[in-house]
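In: mind looking at a prediction? Sequence and model below.
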Amino acid sequence: MSHTVGQVSGYAGITVRTLHHYDEIGLLVPSERTHAGHRRYSDTDLDRLQQILFYRELGFPLDEVAALLDAPDADPREHLRRQHELLTARIEKLQKMAAAVEHAMEARKMGINLTPEERFEVFGDKDPEQYAEEAEQRWGGTDAYAESQRRAGSYTKDDWKRMQAEVAAWGERYDALMAAGEPATGEAAMDLAEEHRLHICRWFYDCPHDMHRSLAEMYVADERFKAYYDSMRPGLAEHLREAIAANAARPRP
């Protein structure tokens, strides 16, 4: 069975002019011509065209495509293997690009306005927007969420690093407190719980004691928060929850 140039153009989604050009440069010469000189393409020609279009889609110039297809040791199975490898690599690249775009979109939502270099310097391989969508679903309509978004959008690289340093220093002191056997209801633990609350107030949003107590319950109930605090010291999430509750309940002048 043979096909006209118009039919092949329709099958492949390319112009008749492109097919004429491929013929002129010897990349895709139709197997037949009518008595009137019209091009007729065989199924084998269509197979070759499919190979050409695949390599073109991957960005190969026409001369390289010709070299690949006309190599003396060219094997259809080898072409399929190579195409599979190239396509897999393209998919991985596109997935990374899509992820980068998604992260940029989430960064806009979170208001974290850092350059890529600054983001790597501050957060390393951790993604500060990993739970941005979930956070918006949980608290998107609250004043606290809106205030957190507003503040985060104004922070510079140095602000984020200073914030992280405060958290690290607090974690070291809480670790030492637990190592010393201090109870969660003791003054030292309650003081660190209050420092934790003030850190939230200073960097993100106003956090009254009742809200702080609700957060403390989440630090234990949500495995991700629990893992974060327990990474500072095993059992810290539970200890902090009790300290926050005690701090919220203690009398104030």
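Out: Nice, thanks for sending it over.
In: grab the nearest non-local neighbour of L177.
Out: Nearest-residue entry for L177: A188, 5.6 Å, with adjacent residues in sequence omitted and distances by Cβ to Cβ, 6 or more residues apart in numbering. All C-beta spots, glycine's among them, are computed from the backbone N, C-alpha and C.
In: and the one you found, what pLDDT?
Out: As predicted, A188 sits at a pLDDT of 97.
In: how about H20?
Out: H20 carries a pLDDT value of 95.
In: list phi and psi for it.
Out: phi -60, psi -40 (degrees, to the nearest 10).
In: contact partners for it?
Out: Contacts of H20 were listed using Cβ atoms under 8 Å, 6 or more residues apart in numbering, and they are V5.
In: state the distance from it to L28.
Out: According to Cβ to Cβ, to the nearest Å, H20 stands 10 Å off from L28.
In: which stretch of helix or strand covers the residue nearest to the spatial centre of the chain?
Out: Taking Cα atoms, centre = their mean, the centroid of the chain lies closest to A99, which sits 3.6 Å from it. Taking DSSP states H and E as the definition, one finds A99 inside helix 76-110.
In: and stretch 181-200, what's buried?
Out: 182, 184, 188-190, 192-194, 196-197, 200 (16 or more other Cβ atoms under 10 Å).
In: which of those residues fall in helices?
Out: Applying DSSP state H to these, the entries found in helices are 188-190, 192-194, 196-197, 200.
In: could I get those residues as JSON lines with distance to R90?
Out: Below are these laid out as JSON lines (distance: Cβ to Cβ, whole Å):
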{"residue": "A188", "distance to R90": "57"}
{"residue": "A189", "distance to R90": "55"}
{"residue": "M190", "distance to R90": "57"}
{"residue": "L192", "distance to R90": "51"}
{"residue": "A193", "distance to R90": "52"}
{"residue": "E194", "distance to R90": "54"}
{"residue": "H196", "distance to R90": "47"}
{"residue": "R197", "distance to R90": "50"}
{"residue": "I200", "distance to R90": "44"}
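In: from those, which is closest to L58?
Out: Using Cβ to Cβ, I200 comes nearest to L58 of those, at 50.1 Å.
In: so what's the closest one closest to, chain neighbours aside?
Out: Using Cβ to Cβ, 6+ apart, the nearest residue to I200 is C207, at 4.3 Å.
In: got it, and L27?
Out: Leaving aside its chain neighbours, L27 sits nearest to A66 (5.2 Å; criterion: Cβ to Cβ, 6+ apart).
In: the one you found belongs to a helix?
Out: Yes - under DSSP: H, G, I helix; E, B strand; the rest coil, A66 falls within a helix.
In: residues in contact with it?
Out: 25-27.
In: quick one, which of the residues you listed are buried?
Out: Buried members of the contacts of A66, counted by 16+ other Cβ under 10 Å: L27.
In: just the helices in the stretch 151-253 of the chain please.
Out: For the stretch 151-253 of the chain, the helices defined by DSSP state H, counting those that start in this stretch occupy 157-179, 187-203, 209-221, 223-230, 236-249.
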